[in-house]
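requesting a structural model of the entry that follows:
(one chain, ligands or ions: 1)
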Amino acid sequence: MTTAQNLPVVVIGAGPVGLAAAAHLAERGLEPLVIEAGDGAGAAVAQWGHVRLFSPWRYDVDAAARRLLTSAGAGRTEPWSDPEPDTLPTGTELVEQYLVPLADALVNGAGAQIRYRTRVLAVTKDGADRSRSLGRERLPYLVRLATGPADGSGGTGTVEEIRAQAVIDASGTYGRPNPLGTSGLPTLGEPESARFLAGALPDVLGRDRDRFAGRHTLVVGMGHSAANTLLSLVELAEQEAAQGAPVSRITWAIRGGSPRRLYGGGTGDDLPARGLLGTRLRDAVEAGRIELLTRVAIDRLEPSTDPAGDTVRVLGSARRDGDDGALDLTVHHIAAATGFRPDLAMLREVRLDLDPVVEAPRRIAPLIDPNLHSCGTVPAHGEAELTHPDAGFYLVGMKSYGRAPTFLLATGYEQVRSIAAALAGDRAAADAVELNLPETGVCSSDLALAADADGRVSPDELAASGAGSCCAVPAAPQQVSIGAPPARANPLGGAPADAASAASAASAASAGPVGFSTGVMHGRSGD
Ligand SMILES: Cc1cc2nc3c(=O)[nH]c(=O)nc-3n(C[C@H](O)[C@H](O)[C@H](O)COP(=O)(O)OP(=O)(O)OC[C@H]3O[C@@H](n4cnc5c(N)ncnc54)[C@H](O)[C@@H]3O)c2cc1C
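This is a model prediction of the structure:
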């Protein structure tokens, strides 16, 4: 049996947070081994590459990643140019201008390993299942991998196991959309109708245009993902009408009685861009370009039995013109924008401490639970809040928010900075949690729509977006530290932090929740 010493720290996922984790680990002299299911860095982000982020570049680049990318020894043939800080990148730009160069620099300049087209199937303790306690804390982790295509089909049959001193799970949730059923289960017929399900954010005006042109699409959900897909479909229909082509049909299904929450406050909205998004959506509904169905419950999907058939029947109940009745709709595609959930099956043998509601680490769950926060506050948090009964295992990034819909990159970067410090034995740095906040908070998620063609947002828009809203944040980025908890051990049992750094952390600590809103960004199950 192996001991944990000298083993790599396995990072699951080469998304923005997984790669940032690798940069912090490498900086601390630890050996990161990143396992990525997709073909390259940022594989999940690439799937929504056509969407413009709402956070400008200054909040999208991790500090350790920037240090590595700009260092002379990053092993890069061309120098990396730091993107213009006030520009909003698209997902594709985030991948091409940041994540791909970062992955290169990690491998060629920082001694990290990254394995692509390799999926983590399971994590456990080497030699102990979940129920065995004796000596458990001394055992390394065992990670089971499958190499092969990135479609999750289990690969080519090559399964292997590696050992790790610690595991940082940054595998996101994008690959696990919530099902259509309002009770959290796939609705009857949903698995058989997979070919009609287009995901939350299809690239309607680009890559997927032919699929949607002249067709009838049902969009399900009440978050900004649904709104973006609806507005893209409206634009497609307008282009079709102008060209005299058959015009696509759009139906929008929501579970609640009114879409008012998504429409926002129009011209009176605290966030001008949000008002713009909502107004455009409301106008399209009122003009009849989108048919809105409220109080929708989908009970069953019936894909056409003809293998060449191109429609699916959607059955259930809905309210139309004020009357509740049966829903019986035949459409070509369904864009289900009902949020995401974490894959916990692969962690079945790890002792986790998760909140029963949002499936996030228990200590951060009350801060992000959408039942409690429509526009709440989330203090910076780090290793101390992200620990589990099995020391040295962490959920970070999008996955650390479980089913809560409003994760921000800046939060994830601070999570992994703190974890790398803890794994390196620097307890004081791990506990001195700081967060450089975007000026706009998450409520600015519609700023992307107000940006100019290059994605640039004016300082006025940035300022206006936070002012007076329920998630208003200070005009300038703030460094926020929350109190360092009582002295804690190195999670790997290494050297404790030295007294000097402990003192500096204590003096840096000052409590203060800050204004991140939570709520509807990606939609929620059953919406
Ligand atoms: C449309 C959209 C817009 C967003 N805009 C913003 C924004 O403007 N600002 C902001 O701060 N946040 C934004 N977010 C939220 C969040 O920051 C992003 O989702 C971000 O990509 C999360 O990074 P991550 O590294 O945690 O996960 P991901 O980017 O999802 O990366 C996870 C990686 O893990 C891989 N993976 C998954 N399972 C496995 C496995 N079993 N084995 C190996 N690899 C695996 C995936 O292929 C993927 O590459 C947005 C999210 C979405 C969906």
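
just the buried positions in stretch 34-46, please.
34-38, 40-46 (16 or more other CB atoms under 10 Å). Heads up, the C-betas are built off the backbone N, CA and C, glycines and all.

restricting to those residues, which residues neighbour the ligand?
35-38, 43-45 (CB under 6 Å from any ligand atom).

residues of the stretch 151-300 of the chain that sit close to the ligand?
Close to the ligand, as judged by CB under 6 Å from any ligand atom, the stretch 151-300 of the chain has residues 170-172, 174-175, 201.

so what's the residue in the stretch 51-200 of the chain that the ligand sits nearest to closest to, chain neighbours aside?
The minimum distance from the stretch 51-200 of the chain to the ligand, using CB to the nearest ligand atom, falls at Gly172 (2.3 Å). Closest residue in space to Gly172, ignoring its immediate chain neighbours: Met398 at 4.4 Å, by CB to CB, 6 or more residues apart in numbering.

quick check, that neighbour in contact with Gln415.
No - taking CB atoms under 8 Å as the definition, Met398 is not a contact partner of Gln415, at 10.9 Å.

what touches both of these two?
The contact sets of Met398 and Gln415 overlap at Val17 (CB atoms under 8 Å, 6 or more residues apart in numbering).

between those two, tell me which one has more neighbours.
Gln415 (30 against 27; other CB atoms under 10 Å).

SS state for that one?
helix (DSSP: H, G, I helix; E, B strand; the rest coil).

can you pull the contacts of the closest residue to it other than its chain neighbours?
Of all residues not flanking Gln415 in the chain, Val396 sits nearest, at 4.7 Å (CB to CB, 6+ apart). Contact analysis of Val396 by CB under 8 Å, 6+ apart lists 17-18, 21, 168-170, 386, 412, 415-416, 419.

most widely separated two among these?
Gly18 and Leu386 (14.6 Å; CB to CB).

so is the residue most central in space within the chain in a helix, a strand, or just coil?
Nearest residue to the geometric centre of the chain (CA atoms, centre = their mean): Met398, 3.9 Å. Put simply, Met398 is helix when judged by three-state DSSP.

if I read this right, Leu188 contacts Leu301, doesn't it?
Yes - taking contacts as CB under 8 Å, Leu188 lies within contact range of Leu301: 7.2 Å.

those two - which one has more neighbours?
Leu301 (25 against 15).

who touches the longest strand anywhere in the chain?
In the chain, assigned by DSSP state E, the strand with the most residues is strand 291-303. For strand 291-303, the surrounding residues in contact (CB under 8 Å, 6+ apart) are 180-182, 187-190, 192-193, 195-196, 220, 249-259, 285, 309, 312-320, 324, 327, 334.

quick one: which of those residues sit in helices?
Val285 (DSSP state H).

give the buried residues for the longest strand of the chain.
292-299, 301-303.

need these in a markdown table (columns: pLDDT).
Output for these, formatted as a markdown table (pLDDT from 0 to 100):
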| residue | pLDDT |
| --- | --- |
| Leu292 | 95 |
| Leu293 | 95 |
| Thr294 | 95 |
| Arg295 | 95 |
| Val296 | 96 |
| Ala297 | 95 |
| Ile298 | 96 |
| Asp299 | 96 |
| Leu301 | 97 |
| Glu302 | 97 |
| Pro303 | 95 |
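
turn the residues you listed into JSON lines, columns for distance to Thr124.
Shown next, in JSON lines, are those (distance: CB to CB, whole Å):
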{"residue": "Leu292", "distance to Thr124": "48"}
{"residue": "Leu293", "distance to Thr124": "45"}
{"residue": "Thr294", "distance to Thr124": "46"}
{"residue": "Arg295", "distance to Thr124": "45"}
{"residue": "Val296", "distance to Thr124": "41"}
{"residue": "Ala297", "distance to Thr124": "39"}
{"residue": "Ile298", "distance to Thr124": "37"}
{"residue": "Asp299", "distance to Thr124": "39"}
{"residue": "Leu301", "distance to Thr124": "36"}
{"residue": "Glu302", "distance to Thr124": "41"}
{"residue": "Pro303", "distance to Thr124": "38"}
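
residue of the stretch 1-150 of the chain closest to the ligand, please.
Gly15 (2.2 Å).

hang on, the earlier thing: of the contacts of Val396, which is the most crowded?
Ala21 (35 neighbours).

residues touching that one, list them.
By CB under 8 Å, 6+ apart, the residues touching Ala21 are 11, 32, 168, 170, 396, 416, 419-420.

cool, and Gly38?
Listed by CB under 8 Å, 6+ apart, the contact set of Gly38 reads 14, 44, 46, 116-117, 150.

domain assignment for the protein?
9-175+340-431, 191-336 (automatic domain parsing).

mind checking how far the longest one is from the chain centre?
Meaning domain 9-175+340-431. 11 Å (CA atoms, centre = their mean, to the nearest Å).

with the shortest one instead?
Between the centre of domain 191-336 and the centre of its chain there are 23 Å (CA atoms, centre = their mean).

could you tell me the end-to-end distance of that domain?
End-to-end distance of domain 191-336 (CA to CA, to the nearest Å): 13 Å.

in stretch 344-360, what counts as buried?
For stretch 344-360, by 16+ other CB under 10 Å, it's 344, 346-347, 349-350, 352, 354-355, 358-360.

out of those residues, who's nearest the ligand?
Distance to the ligand across the buried residues of stretch 344-360 (CB to the nearest ligand atom) is lowest for Met346, with 5.9 Å.

surely the closest one meets Val123?
Yes - look at Met346 against Val123 with CB under 8 Å: they come within range, at 6.3 Å.

ok, so what distance separates Ala410 from Phe212?
34 Å (CB to CB, to the nearest Å).
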